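K.L.:
give me coordinates for this.
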Amino acid sequence: MSDIPKKVVDKMYENDAFSQWLGIKRIEDGAGISVLQMTVRKEMLNGFYILHGGITYSLADSALAFASNGHGRKAVSVETSISHTEACKEGDVLTTHTQEMSLSNKIGVYQITITNQEDKTVALFKGTVYRTSKDWEV
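P.N.:
All right, here's what the predicted structure looks like:
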C-alpha cells in the first residue's frame with residue numbers, strides 16, 4: 001500500500017491549526033478514507049450546553065479534506081451539507097466514518113457519518129470536492 005495518503009495528511013495536519021485545536025486524532029488515513037476522533041470539550045458547547053453544530057461540521061470537513069486529498073492530488077470542497085441527528089455533550093467521543101461515493105478525474109463525492117462512543121449516529125455529512133490537476137509534493 002502506498003504511503004502517499006499518510007504523507008499528504010501529515011503535511012495537511014501540520015499546517016491545520018484548527019484541526020489541531022479541535023483535538024483531532026487521526027485513526028486511519030488513506031486514499032478516499034479518513035477516520036478521525038475527537039473528544040467534546042466544554043469550550044465547544046453552545047448556550048444549550050450541547051455541542052455547537054459548527055464543531056461537528058468542522059470535524060466532518062476535516063475528514064472530507066483528508067480523505068479527498070489522500071489520493072495525492074489537491075482537492076478543495078465545492079459543496080457540503082450536514083444533518084445533526086443527535087445532541088452531543090461534553091465528554092462525548094466522536095468518530096468519523098468516511099465513504100467515497102464517487103470519484104472521477106475532477107469531482108469526488110463523500111458521505112461522512114459521525115458516531116459517538118456508543119456507536120450512535122450523531123451527524124450525517126455530504127461533501128463534494130473539486131480535484132485540481134496539482135499533485136501534492138510529499
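K.L.:
residue closest to the middle of the chain?
P.N.:
Central residue of the chain (C-alpha atoms, centre = their mean): Ala63, 1.6 Å from the mean position.
K.L.:
mind listing what's buried in the helix or strand hosting that one?
P.N.:
Using DSSP states H and E, Ala63 maps to helix 53-69. Across helix 53-69, burial judged by 16 or more other C-beta atoms under 10 Å covers 55-69. (C-beta placed from N, C-alpha, C; glycine too.)
K.L.:
list the strands paired with the top strand by length along the chain, with their directions.
P.N.:
Across the chain, the longest stretch assigned as strand under DSSP state E is strand 121-135. Using DSSP bridges, the strands paired with strand 121-135 are strand 73-84 (antiparallel), strand 107-115 (antiparallel).
K.L.:
you'd agree the residue nearest to the centre of the chain is up against Gly32?
P.N.:
No - between Ala63 and Gly32 there is no contact under C-beta atoms under 8 Å: 11.1 Å.
K.L.:
overlap of the contact sets of these two?
P.N.:
Residues touching both Ala63 and Gly32 (C-beta atoms under 8 Å, 6 or more residues apart in numbering): Thr98.
K.L.:
okay, now the unreliable bits of this structure?
P.N.:
The model of the chain has pLDDT under 70 over residues 1.
K.L.:
what's the local residue count around the nearest residue to Cys88 once chain neighbours are set aside?
P.N.:
Using C-beta to C-beta, 6 or more residues apart in numbering and skipping the chain neighbours, the partner closest in space to Cys88 is Leu51 (3.8 Å). Leu51 is flanked by 25 other residues according to other C-beta atoms under 10 Å.
K.L.:
and for Asp29?
P.N.:
Asp29: 23 neighbours (other C-beta under 10 Å).
K.L.:
am I right that it falls within a strand?
P.N.:
Yes - assignment of Asp29 by DSSP: H, G, I helix; E, B strand; the rest coil places it within a strand.
K.L.:
report the beta-bridge partners for it.
P.N.:
Beta-bridge partners, per DSSP bridges, of Asp29: Ser34.
K.L.:
just checking, it touches Asp3?
P.N.:
No - Asp29 lies out of contact with Asp3 (C-beta under 8 Å); the separation is 9.5 Å.
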